[in-house]
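Enquirer: Need a 3D model of the following:
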Amino acid sequence: MLLLPSPSSCYLNHHNTLWFRGPNNGVPPYTGNQTRRIWCAKRSGKQRYPSEKKKLKTKHKELLSDSKEKSKFEGTWRLFKLAVPLDQDPGKDFLEVSDGLLQEIANVLKFPVASLLPREAFTVVRKSFDARKKLKEPKFVHTVDMDVQKLLSVEPRCWDFISRLEPRVGLVECVHDGRDFGDLTSIIGQCKENKDILNEENGRSIFSTELHRNQAIRKPKIAVVGSGPSGLFAALVLAEFGADVTLIERGQPVEKRGRDIGALVVRRILELESNFCFGEGGAGTWSDGKLVTRIGRNSGSVLAVMRTLVQLGAPKQILIDGKPHLGTDRLVPLLRNFRQHLQDLGVTIKFGTRVDDLVIKDGHALGVMISESADKFHLRSQKMECDAVVLAVGHSARDVYEMLLAHNVELVPKDFAVGLRIEHPQELINSIQYAELASEVCHGRGKIPVADYKVANYIEKENLYEASNLGAANRSCYSFCMCPGGQVVLTSTNPSEMCINGMSFSRRASRWANAAVVVTVTTKDFEALNYNGPLAGVEFQREFERQAAMMGGGNFIVPVQKVTDFLENKLSVTSVPPSSYRLGVKAANLHQLFPIHITEALKHSLVTFDKELPGFICNEALLHGVETRTSSPIQIPRNIDSYENTSVKGLYPVGEGAGYAGGIISAAVDGMHAGFAVAKKFSLFHGNVESVLGKAQNVGIVKY
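Expert: Next up, the predicted model:
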């Protein structure tokens, strides 16, 4: 059993591992007395595993070798883990070099008088709040870049201290060659101007007169289907390179989409093509707007996406915050700016337009059949010819999956997770994580961030309740999409189905905190319910969404149950705590929702989470059903280098809906890389992405 505690905006270095052992046959529900052994899964200092020690030793040797080859007095040094006590830091919204931080820098340099250090020589590149209970006092932890030449030009007396500075892995590192990645528009602009980007093989510019000749003859016509993060960034790259791009979105622009969502919340009118899932910006628009990612926060690709968002109106704080997020109120104006920028580049945007079919001839995608979203029967479907189709639909576009299957496009079922959404009073989460510091939150306007959490639980197969061999696989249960200061919202795309998610605004000022608590499921789970084939995962989702809708009684009412009642398998109809969900809740026994092995995994994990976050199980905690669309249930195979579909030439499946991303940033990065791949296919770009953005970590692999 794996536990990942995560105090709000805290920066975590440890998690625990618990192993459970029980009888192999007829295993009863977990009672908490089966724990055998506890130890650290991620060790530090002398407790590190030999493999970790070897890796750190190798990196340390590389750093020492690099420092000998290059002068210490050139370029940039990066200083890590500069911890400033809470009472010496101006707070989470202060992004400059404070007096307390300057003192920590002086301690690292062993410089005697901190006030003599020039602040302009230092730049804060990361700031997070660490309130782990093992600390004597909570601190803001910083990562700072030090411009050595600027430092010495203003304060020459630092020369001797820099000469004695030695690199230490994870504490002090030289980053002489660290490129300052700008926003995507400026990066591509530099490419066009033949500046700094050279072909590694012959030293010549990666752009040539061939590019200009090709552009003068004919611009390639590219259809980008879907205006979520992957579609927007693919369209941006291609438009910047000079392609003729048409962006097709079945939903509405954010202004109209906001009114449609308002009609849903106030009058229970669900627009099938314009809702919490469909519309400009994708499902992430009406969400928490989380920008955290596990594909390399400092990679060139991620930095390019983040700085592009800032260029389009996002606050600069997202570049520094340890857990950056935007919130719906900031995403809406950002998307309007994004739309205007694309239109200025010549992109044609078709809102309220659905792709009904692909035009395929001899195994090549030659266009799409489109119709107005309001035309439910596709009576006026029109053909739109193009040279390539970038398929950037989200994971709720089930009709697109069916259309691809009709063309014999290979679809591969993949694992995802299903579960429930748990909601607590935000003050309770603040108190659990911060204790007496909870009063400093001040509804998102205080010195410290609104508290959040992240917990996970790994259960071995012999500890699952086995009913007809349904529990024969190891499972993970974890919190997902935690929304501090948020609300539970309806994300159904069909009135006969009930699916929920969480959202929040930038200040996270709501009185509630919610998060999904989900269990991994595999094709074996699908087969156990007699769902087979490429779309088995989709049918698996629908099964529980329909069941949840019936349990709620229809009319978009959500079935709920107190956590304490869920653990005891009982129903308290008369005492349901308040919920942030605005369309109404109904008390129900959620044990009747999932197969027994999923229910037992959820129960095991809730008990475990309470051990890590005492108070997590309480009378105010309310479970909502059902959370099923954690990620795409399928993956559309593609070439690892060209991003082209393996079944149909000219088709480029990207983003979360294609099974290659898990969140706003990873989807944007995937779309961006696909944009470069398509541009290269049509001779708009002659280099390689690594030469432009540096080496990306695990691009094209889903990470949550």
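
Enquirer: what sits against the closest residue to residue 392 other than its chain neighbours?
Expert: Setting aside the residues directly before and after it, residue 392 is nearest to residue 231 in space (CB to CB, 6 or more residues apart in numbering), at 3.4 Å. Glycine gets a C-beta too; all of them are placed from N, C-alpha and C. Residue 231 makes contact with 224-225, 247, 249, 282, 390, 392, 654-655, 671, according to CB atoms under 8 Å, 6 or more residues apart in numbering.

Enquirer: Dump the host helix or strand of residue 231 to PDB, keeping only the CA atoms.
Expert: Element membership of residue 231 [criterion: DSSP states H and E] is helix 229-240. Extracted in PDB, the C-alpha atoms of helix 229-240 (Å, rounded to 0.1, in the frame of the first residue of the first chain):
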ATOM      1  CA  PRO A 229      -5.000  22.400 -25.200                       C
ATOM      2  CA  SER A 230      -3.600  19.900 -27.800                       C
ATOM      3  CA  GLY A 231      -5.700  21.300 -30.700                       C
ATOM      4  CA  LEU A 232      -4.900  24.900 -29.800                       C
ATOM      5  CA  PHE A 233      -1.200  24.400 -29.600                       C
ATOM      6  CA  ALA A 234      -1.100  22.200 -32.700                       C
ATOM      7  CA  ALA A 235      -3.000  24.900 -34.600                       C
ATOM      8  CA  LEU A 236      -0.700  27.600 -33.200                       C
ATOM      9  CA  VAL A 237       2.500  25.800 -34.400                       C
ATOM     10  CA  LEU A 238       1.200  25.100 -37.800                       C
ATOM     11  CA  ALA A 239      -0.200  28.600 -38.300                       C
ATOM     12  CA  GLU A 240       3.100  30.100 -37.200                       C
END
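
Enquirer: Pull up the pairing partners for whichever helix or strand comes after it, direction included.
Expert: Next along the chain after helix 229-240, taking DSSP H and E as the criterion, comes strand 244-248. According to DSSP bridges, strand 244-248 has the following sheet partners: strand 221-225 (parallel), strand 348-350 (parallel).

Enquirer: what about residue 250, how many residues close to it?
Expert: 27 (other CB atoms under 10 Å).

Enquirer: For it, give me its contacts.
Expert: 273, 278, 352-355, 373, 397.

Enquirer: Same list, these, but as JSON lines with secondary structure and distance to residue 414 please.
Expert: Formatted as JSON lines, the contacts of residue 250 follow (DSSP: H, G, I helix; E, B strand; the rest coil; distance: CB to CB, whole Å):
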{"residue": "273", "secondary structure": "coil", "distance to residue 414": "26"}
{"residue": "278", "secondary structure": "coil", "distance to residue 414": "22"}
{"residue": "352", "secondary structure": "coil", "distance to residue 414": "31"}
{"residue": "353", "secondary structure": "strand", "distance to residue 414": "29"}
{"residue": "354", "secondary structure": "strand", "distance to residue 414": "25"}
{"residue": "355", "secondary structure": "strand", "distance to residue 414": "23"}
{"residue": "373", "secondary structure": "coil", "distance to residue 414": "28"}
{"residue": "397", "secondary structure": "coil", "distance to residue 414": "16"}
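
Enquirer: from those, which two are the most distant?
Expert: 352 and 397 (15.1 Å; CB to CB).

Enquirer: Can you pick out the residue with more neighbours from these two?
Expert: residue 397 (22 against 19).
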